[in-house]
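Participant: Based on what follows, work out the 3D shape:
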Amino acid sequence: MVIMISLTQRGTAPSWSLLIMLMLPAVAAPAEWSVTPTVRLRESYSDNMDLAPDSQARSQFITEVSPGVLMNASAPGLQLAMSYSLQKVFYSRQPERTNQQLDANGHADVLTDWLFIDARAGITQRNISAFGPQLVEPALNNSNTSTVRTQAFSPYLRHYFRSLATVLLRYDYQHVSSGGLLDVRSSGTSLQLTGDNGGRGWNWDLNLQHREMDDAALAPVTISDASVTLSYPFNSSLAMFGTAGYEKQDYHSVSAQPQGKYGLLGAVWTPSPRTRLSASLGHRYFGKTYSLDASYRLRSMYWTLTYNEDITTTHGEFLSIPPAGLSDFLFELWATRIPDPQLRLKTIQIFLAISQMMGAEGNVNFFSHRYYLQKQGRLSGVYSTPRSALALHVSTTGRNGQTTNAIDSVLLGPDQLSLTDRTRQTSIQAGWNWRLSARGNLTIGASHSRAKSLTTGREDRNSAITVGLTRQLSSRLSASADLRHVRHSSNAGGNYRENGAGVSVIVSF
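Facilitator: All right, here's what the predicted structure looks like:
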């Protein structure tokens, strides 16, 4: 408990969401608690510590000491999970430095069937730009990274009124900060009514949303949205739906006024419990819009395919909840392969981290104060056998600036303002895991990504290969060893290569 409070001492005031997360157990029934202090010791070597061109590369040894804590609580009215570590890094040729990592989330039922609370917080290192050196190992010197802190707190009322509707009234507070680069707060309320027709004929949903955004670099922005959705099930596997609404956003757009009526039509097809396909097309103030969400699951295989178009921001993407399908699938599938749930979760995290080295989504959510029209497609899949697993992730992200680039002068400099007006990123990532024994795993990952500025013509490419070996030595002691090779190339210069190796020991108490 004290560890979570101490996280805020580097900031100006305690985080609302962290304090609320500490209070969650007080409003729930007695829970089953698991608190595990840990210490991670790592010794590594890099032949290009500064990610510099070959002629300027310099090698260095790195020693890391990372005390941390894993916390989990579970009860009928409470779910709480937290992972925190304080990373102290010592270098052979430069001053030491300190990093923090936090991933915390909680849910509490305050009043059964009425009042609920969600809260989450995070501290992690992120790429500032999609161009230039990319983050692969946080201990390396990289001017293109910054520490991002995210906090979200959301109490809501939800109740089912028989034969009438389910009512959901939610308040949502969010904060994203990163030194002097980003400082965005937002608060909003939403009301959703979902009709109850007893499972017969037409279904309906009414949605009302209002949000206020406060970016330290911009004037406040207000976002409002009102919509009605009607759906009709033709049978148990096919349903059609349509949405009509009105939206208004008062950011200063360089193109179409960000407000107006909108509508869409779509269908949901679920031919079996293992297969689902949802697709829609419509029109909003910025033009035609499309979406696709498909999934296919077998006993040992899981695939997802998604595509969406929407107005987004850097801070909004940092707070978005990534799909958990692959990790959930592996956690269930590997229940007999790795009976210990903590060891199973750790193995899955390492496997997905190595197979997704350029980020969880492959493409970079680069820092900006602008609003963007984002078009994003993803294909993800995993195939598992009793002793191995193969994961694949392909993604493409296009962004088109909707506000003036002048507001990013602090981030990019006056000579690079048009760099992110229109960008396209593509990436492919693959990972293979081999179960050497009941306690040992070998994981190999490879990734390649490309970031291109469609306005300036700049194009950067990044490739990485990593090999990792993990071994559970005892119930409280695990060890790992890893090798990596990284390449970066750009038609704007700054090409580099980096090779690294490291060994780690994690002790749980």
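Participant: Do a quick rundown of the strands in the stretch 151-300 of the chain.
Facilitator: 165-178, 182-195, 203-215, 221-233, 238-249, 259-272, 275-284, 287-297 (DSSP state E, counting those that start in this stretch).
Participant: mind listing what's buried in the shortest one?
Facilitator: Meaning strand 275-284. In terms of neighbour count (16 or more other Cβ atoms under 10 Å), strand 275-284 has its buried residues at 276, 278, 280, 282, 284. To be clear about C-beta, it is placed using only N, CA and C from the backbone, and glycine gets the same treatment.
Participant: how about CSV for these, with pLDDT and distance to S253 added?
Facilitator: As requested, these are exported to CSV (pLDDT from 0 to 100; distance: Cβ to Cβ, whole Å):
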residue, pLDDT, distance to S253
R276, 94, 35
S278, 96, 29
S280, 97, 24
G282, 96, 19
R284, 95, 13
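Participant: Tell me the one of those residues nearest F241?
Facilitator: Taking Cβ to Cβ as the measure, F241 lies nearest S280 of the buried residues of strand 275-284, at 7.7 Å.
Participant: isn't Q60 right up against Y91?
Facilitator: Yes - if you go by Cβ atoms under 8 Å, Q60 and Y91 touch, sitting 5.8 Å apart.
Participant: So which of the buried residues of strand 275-284 is the closest to A430?
Facilitator: A430 lies nearest to R276 out of the buried residues of strand 275-284, by Cβ to Cβ, at 24.7 Å.
Participant: Touching, the closest one and L292? I think so.
Facilitator: No - taking Cβ under 8 Å as the definition, R276 is not a contact partner of L292, at 11.4 Å.
Participant: give me the number of residues near V176?
Facilitator: Using other Cβ atoms under 10 Å, V176 has 23 neighbouring residues.
Participant: got a list of what it touches?
Facilitator: Counting by Cβ atoms under 8 Å, 6 or more residues apart in numbering, V176 makes contact with 148-151, 182-184, 314-315, 318-319.
Participant: Could you pull up the residues touching I338?
Facilitator: 344, 347.
Participant: let's see 10 Å
Facilitator: Residues counted as contacts of I338 (Cβ atoms under 10 Å, 6 or more residues apart in numbering) are 330-331, 344-348, 435, 438-439, 441, 472.
Participant: Just the buried subset of those residues, please.
Facilitator: 330-331, 344-348, 435, 439, 441, 472.
Participant: Make JSON lines out of these and add secondary structure, distance to R211 and pLDDT.
Facilitator: Output for the buried ones among the contacts of I338, formatted as JSON lines (DSSP: H, G, I helix; E, B strand; the rest coil; distance: Cβ to Cβ, whole Å; pLDDT from 0 to 100):
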{"residue": "L330", "secondary structure": "helix", "distance to R211": "35", "pLDDT": "73"}
{"residue": "F331", "secondary structure": "helix", "distance to R211": "33", "pLDDT": "72"}
{"residue": "R344", "secondary structure": "helix", "distance to R211": "38", "pLDDT": "73"}
{"residue": "L345", "secondary structure": "helix", "distance to R211": "34", "pLDDT": "72"}
{"residue": "K346", "secondary structure": "helix", "distance to R211": "37", "pLDDT": "70"}
{"residue": "T347", "secondary structure": "helix", "distance to R211": "39", "pLDDT": "71"}
{"residue": "I348", "secondary structure": "helix", "distance to R211": "34", "pLDDT": "73"}
{"residue": "R435", "secondary structure": "strand", "distance to R211": "46", "pLDDT": "86"}
{"residue": "R439", "secondary structure": "coil", "distance to R211": "48", "pLDDT": "84"}
{"residue": "N441", "secondary structure": "strand", "distance to R211": "44", "pLDDT": "87"}
{"residue": "Q472", "secondary structure": "strand", "distance to R211": "46", "pLDDT": "88"}
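Participant: Same list as before, the residues you listed that is, but in JSON lines and with distance to G106 included.
Facilitator: Below are the buried ones among the contacts of I338 laid out as JSON lines (distance: Cβ to Cβ, whole Å):
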{"residue": "L330", "distance to G106": "23"}
{"residue": "F331", "distance to G106": "19"}
{"residue": "R344", "distance to G106": "22"}
{"residue": "L345", "distance to G106": "17"}
{"residue": "K346", "distance to G106": "21"}
{"residue": "T347", "distance to G106": "24"}
{"residue": "I348", "distance to G106": "21"}
{"residue": "R435", "distance to G106": "33"}
{"residue": "R439", "distance to G106": "31"}
{"residue": "N441", "distance to G106": "30"}
{"residue": "Q472", "distance to G106": "28"}
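Participant: Closest one of these to D196?
Facilitator: F331 (33.5 Å).
Participant: correct me, but that closest one touches I348?
Facilitator: Yes - if you go by Cβ atoms under 10 Å, F331 and I348 touch, sitting 6.1 Å apart.
Participant: and the contacts of I338 as CSV, adding distance to A52?
Facilitator: Compiled in CSV, these are given as follows (distance: Cβ to Cβ, whole Å):
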residue, distance to A52
L330, 38
F331, 40
R344, 40
L345, 37
K346, 34
T347, 35
I348, 35
R435, 39
A438, 43
R439, 39
N441, 34
Q472, 38
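Participant: all helices of the protein, in order?
Facilitator: 2-6, 16-23, 314-319, 325-333, 341-355, 409-412 (DSSP state H).
Participant: mean pLDDT for those helices: which is lowest?
Facilitator: For these, the weakest mean pLDDT is recorded on helix 2-6, namely a mean of 33.
Participant: Now do the buried residues in stretch 162-179.
Facilitator: 165, 168, 170, 172-178.
Participant: actually stretch 480-493, not the one I typed
Facilitator: Using 16+ other Cβ under 10 Å as the test for burial, stretch 480-493 gives 480, 482, 484, 486, 488, 490.
Participant: Ok, stretch 417-436 next?
Facilitator: Those would be 417, 419-433, 435, for stretch 417-436 by 16+ other Cβ under 10 Å.
Participant: returning to what we had before: and of the buried ones among the contacts of I338, the nearest to T304?
Facilitator: Using Cβ to Cβ, the buried ones among the contacts of I338 come closest to T304 at L330, 13.3 Å.
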